[in-house]
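S.K.: Prediction below, plus the sequence it came from.
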Amino acid sequence: GDVIFVLKQKSNDPSGFTRHGNDLEMSHKITLAEALLGFEAEVTHLDGHKVSFGSRKIVKPGTVLRLEDEGMPIHGVPSEHGELRI
């Protein structure tokens, strides 16, 4: 017979990441000074590696940074990944 696995993402996952297909999303709060003057930040990814990001421009509310190849592996092509949206 077949074996069927059902995977569910925890709604209270402490990592702060949310999966959307091959892409990951997370929130990152910045101060008003950082929004006006720019900032650099670093987070620990699900697999433990560090991901650096930031902006040298004014950041408006609702701005989304997109980091290519920092999402989940694409099924059938493990060398390719989705994006991380912050």
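M.R.: Nice, thanks for sending it over. As the structure is a prediction and not an experimental result, all values here were calculated from the model.

S.K.: For the chain, just list every one of the helices.
M.R.: Remark: helices assigned in the chain by DSSP state H are 32-37.

S.K.: residues of stretch 76-86 that come out buried?
M.R.: The neighbour-count check on stretch 76-86 (16 or more other Cβ atoms under 10 Å) flags 81, 82, 83, 84, 85, 86 as buried. For glycine as for every other residue, the C-beta is placed from the backbone atoms N, C-alpha and C.

S.K.: Return the residues in contact with the closest residue to the fourth one other than its chain neighbours.
M.R.: In other words, residue 84. The shortest distance from residue 84 to any non-neighbouring residue, by Cβ to Cβ, 6 or more residues apart in numbering, is to residue 70 (3.6 Å). Contacts for residue 70 (Cβ atoms under 8 Å, 6 or more residues apart in numbering) come out as 24, 45, 51, 81, 83, 84.

S.K.: Nearest to residue 61 among those residues?
M.R.: Ranked by distance to residue 61 (Cβ to Cβ), these are led by residue 84 at 19.8 Å.

S.K.: what ranges do the strands span in this protein?
M.R.: 18-20, 23-25, 39-44, 50-55, 66-67, 73-74, 77-81, 84-85 (DSSP state E).

S.K.: would a markdown table of those strands with distance to residue 8 and mean pLDDT be doable?
M.R.: A markdown table is the format used below for the strands of the chain (distance: least, Cβ to Cβ, whole Å; pLDDT from 0 to 100):
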| stretch | distance to residue 8 | mean pLDDT |
| --- | --- | --- |
| strand 18-20 | 11 | 90 |
| strand 23-25 | 17 | 95 |
| strand 39-44 | 23 | 95 |
| strand 50-55 | 25 | 96 |
| strand 66-67 | 26 | 96 |
| strand 73-74 | 19 | 92 |
| strand 77-81 | 22 | 91 |
| strand 84-85 | 21 | 96 |
